[in-house]
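Colleague: curious how this folds, go ahead:
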Amino acid sequence: MPKNGFLRIHLAGICGTGMASLAAMLKEAGHEVSGSDEGVYPPMSDFLAGHGIPVRRGYDARNLEPGPDLVIIGNALSRGNPEIEHVLDRRIPYTSFPAALQRFFLLRKTPVVVAGTHGKTTTSSMLAWGMHSAGLHPDFLIGGIAENFRSSYGLGGGGHFVVEGDEYDSAFFDKGPKFLHYLPYLAVIGNVEYDHADIYPDLESIQLQFRRLVHLIPERGFLAVGGESPAALEACAGSLCARETFGIDPGCDWSAGAIEMGEEGSSFDVAYRGERFGRFRMRAVGRYNIRNALAAMAVLHRLGVSAREIGQGLESFAGVRRRLQLRAEVGGIRIYEDFAHHPTAVRETLETVRAAFRPERVWAVYEPRSATSRRNVFQREIADALAVADCVAFPDLFRPERVPEGERLDLDRLVSDLRSRGAAAWNLGTVDGIIGKIGAEARPGDLVVLLSNGGFGGIYEKLPAALGGKTEATPGG
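Modeller: Presented below is the predicted three-dimensional model:
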């Protein structure tokens, strides 16, 4: 064991956003850190390299030599993985990502847990930046790169820890949600919808996990809940702590009106329990981002941050990488990247770019990649969402063998349904096929949105390059 009580820690599955951030935090805290993964690509591969953390491609028992003091096992790994088998055979101490976060960081802080089906990353980032700009200097860990911090984590040294609370399971040996490890004192539950069809059979099973989260908040704690999400309100009904609702609806404790949106951002009035709280501006666009801002406001207000300080933080909030981020503008064609993959998020993103940016045509380039989006559970809903666009292109399913044949999204039906709704739609098989179609048919004034929660075959760099433009990412949206 290294000196001064520091540990040699290996993270198996290190390139997930949360795991990579935890690795950097552990190294900053003085531990010796290494990792391995089979999917090593930017931005997290660059992030880890920048922190001097060695990452080995692929899983192999030799990655655990010399033997570490602790192995943190990512939730994508299961029995049969050579590193897991080596850990079990050699009786090396192991734990999950959320349990490690609790052990090394949360026990000494007041956790602020941001949960919900959509908006967690943006709300967490808004909240962490709002607290920082108000002088509270929180620690934080979120599921994306917050542009204000240029990082997905921060050890600010203050008394609070803002953490994005994921309802997905923790590890192969712990099938409970990650957020049940996070010791919530203040919490946000923005919305609850059916998702994660690979582990939850129905909406009720997901609501149960959120009810369990709510029951962990002490009476002296605080809960902000999305007032326009019936499933979230139902899940939070048994809370014993102070509770406030937020949403566009004026019946919410925190509500927004007089909304104006354009390419430069959004402005809106905010009322708190029917009384004017102020008018606010931010660079982010979309009604969903206004809801995210209201959630952050509710928590900041609870922490004693003034309306003026909230406004300053919100106006200087620079967004989150991969959340409606401008990648390039080539020959009058704008290319944006967005993380949306659930039908609700896809629809809201496409409605936002149409309303705020007013393009000639909207292209939705959608990758069915997540465990849920590859399934037919949202066959009709994803067609409805994508039909907001004028032109829709997508590749074949990502790793279809991981989804039972009878449960796979029917791409032929998706094309047919989209065309019946008036959209031009193509299953183009590959990224190269998609690039070829856009190159042949896109015209000045069009806006292309690349929608995926993964690497999408490098299309973020390949498409601008093919169209003759720059390939570097630029903050925007």
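Colleague: switch to C-alpha atoms for all contacts and neighbour counts from now on
Modeller: Will do.
Colleague: packing partners for the helix or strand hosting Ala293?
Modeller: Using DSSP states H and E, Ala293 falls within helix 287-302. Secondary structure elements in contact with helix 287-302, counted by 3 or more Cα pairs under 8 Å, 6 or more residues apart in numbering; DSSP states H and E, are helix 120-133, strand 186-189, strand 222-226, strand 242-247, strand 254-262, helix 307-315.
Colleague: out of these, which is closest to Arg361?
Modeller: Distance to Arg361, taken as Cα to Cα, is lowest for strand 254-262 among the helices and strands packed on helix 287-302, at 16.6 Å.
Colleague: pairing partners for the closest one, with directions?
Modeller: Its sheet considered, strand 254-262 pairs with strand 242-247 (parallel), strand 265-272 (antiparallel) by DSSP bridges.
Colleague: ok now the longest one, how far from the chain's centre?
Modeller: It stands for strand 265-272. The chain centroid and the centroid of strand 265-272 are separated by 24 Å, computed with Cα atoms, centre = their mean, to the nearest Å.
Colleague: ok, then the element right after it?
Modeller: Sequence-wise, the next helix or strand downstream of strand 265-272 (DSSP H and E) is strand 275-282.
Colleague: which parts of that next one are buried?
Modeller: With burial defined by 16 or more other Cα atoms under 10 Å, the residues of strand 275-282 counted as buried are Phe277, Arg279, Phe280, Arg281, Met282.
Colleague: for the residues you listed, which one is nearest Lys27?
Modeller: Distance to Lys27, by Cα to Cα, is smallest for Met282 among the buried residues of strand 275-282, at 34.1 Å.
Colleague: what's opposite the closest one in the beta bridge?
Modeller: According to DSSP bridges, the partner residues bridging Met282 are Ser266.
Colleague: what pLDDT is listed against Pro2?
Modeller: Each residue has a pLDDT score; the one for Pro2 is 52.
Colleague: what do you get for Tyr41?
Modeller: At Tyr41 the predicted local confidence, pLDDT, stands at 69.
Colleague: what about Tyr366, neighbour count?
Modeller: The burial metric for Tyr366, expressed as a neighbour count using other Cα atoms under 10 Å, is 22.
Colleague: from what I can see it touches Asp396, true?
Modeller: No: the pair Tyr366 / Asp396 is not scored as a contact, 10.2 Å apart, by Cα atoms under 8 Å.
Colleague: and His51, what does it touch?
Modeller: Shown here is His51, whose contacts under the criterion Cα atoms under 8 Å, 6 or more residues apart in numbering are Ala24.
Colleague: what's the distance between Glu348 and Gly457?
Modeller: 24 Å (Cα to Cα, to the nearest Å).
Colleague: hey, what's Ala146 bridged with?
Modeller: Applying DSSP bridges to Ala146 gives these bridge partners: Ser151, Val320.
Colleague: which neighbouring elements make contact with the helix or strand of the chain with the lowest mean pLDDT?
Modeller: Taking mean pLDDT, DSSP states H and E as the measure, the helices and strands of the chain show their lowest mean at helix 44-50, namely a mean of 84. Applying 3+ Cα pairs under 8 Å, 6+ apart, we find helix 44-50 packed against helix 17-28.
Colleague: now the helix it packs on: buried residues?
Modeller: For helix 17-28, burial by neighbour count (16+ other Cα under 10 Å) applies to Thr17, Gly18, Met19, Ala20, Ser21, Leu22, Ala23, Ala24, Met25, Leu26, Lys27.
Colleague: could you do stretch 436-446 as well?
Modeller: For stretch 436-446, the neighbour count (16+ other Cα under 10 Å) marks Ile438, Ala442, Asp446 as buried.
Colleague: got it, and stretch 413-423?
Modeller: Of the residues in stretch 413-423, those buried under the neighbour-count criterion (16+ other Cα under 10 Å) are Leu414, Val415, Asp417, Leu418, Arg419, Ala423.
Colleague: can you list those in TSV and add distance to Arg402?
Modeller: Compiled in TSV, the buried residues of stretch 413-423 are given as follows (distance: Cα to Cα, whole Å):
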residue	distance to Arg402
Leu414	20
Val415	22
Asp417	25
Leu418	25
Arg419	28
Ala423	29
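Colleague: quick one: which of the residues you listed is nearest to Pro98?
Modeller: Within the buried residues of stretch 413-423, the smallest distance to Pro98 is 36.9 Å, found for Leu414 (Cα to Cα).
Colleague: so the closest one lies in a helix, does it not?
Modeller: Yes: residue state for Leu414 (DSSP: H, G, I helix; E, B strand; the rest coil) corresponds to a helix.
Colleague: tell me the contacts of it?
Modeller: Going by Cα under 8 Å, 6+ apart, Leu414 touches Gln379, Ala383.
Colleague: can I get the helices and strands packed on helix 287-302 in a markdown table with mean pLDDT?
Modeller: Converted to a markdown table, these look like this (pLDDT from 0 to 100):
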| stretch | mean pLDDT |
| --- | --- |
| helix 120-133 | 96 |
| strand 186-189 | 98 |
| strand 222-226 | 98 |
| strand 242-247 | 98 |
| strand 254-262 | 94 |
| helix 307-315 | 97 |
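Colleague: for Arg323, which of those is the nearest?
Modeller: For the helices and strands packed on helix 287-302, the distance to Arg323 is smallest for helix 120-133, at 8.0 Å, taking Cα to Cα.
Colleague: show me what Trp363 is bridged to.
Modeller: On DSSP bridges, the residues paired with Trp363 through beta bridges are Cys391, Val448.
Colleague: any idea how far it is from Ala256?
Modeller: Distance, Trp363 to Ala256, using Cα to Cα: 30 Å.
Colleague: SS state for Gly67?
Modeller: Gly67 falls in the coil class when you classify it by three-state DSSP.
Colleague: next, count neighbours for it.
Modeller: Burial of Gly67, expressed as a neighbour count using other Cα under 10 Å, amounts to 17.
Colleague: what does Asp89 give?
Modeller: For Asp89, the tally of surrounding residues (other Cα under 10 Å) stands at 9.
Colleague: please enumerate the strands of the stretch 51-200 of the chain.
Modeller: In the stretch 51-200 of the chain, the segments counted as strands under DSSP state E, counting those that start in this stretch are 55-57, 70-73, 94-96, 110-115, 139-146, 151-155, 160-165, 169-171, 174-177, 186-189.
Colleague: equivalent analysis for the stretch 351-477 of the chain, please.
Modeller: So, for the stretch 351-477 of the chain - with DSSP E, counting those that start in this stretch - the strands run 361-366, 391-395, 424-429, 446-451.
Colleague: may I have the second one as CSV, with CA atoms only?
Modeller: Taking Å, rounded to 0.1, in the frame of the first residue of the first chain, the C-alpha atoms of strand 391-395 are listed here in CSV:
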residue,chain,number,x,y,z
CYS,A,391,-35.2,15.1,-42.7
VAL,A,392,-34.2,12.1,-40.6
ALA,A,393,-31.2,9.8,-41.1
PHE,A,394,-30.0,7.0,-38.9
PRO,A,395,-27.6,4.0,-39.1
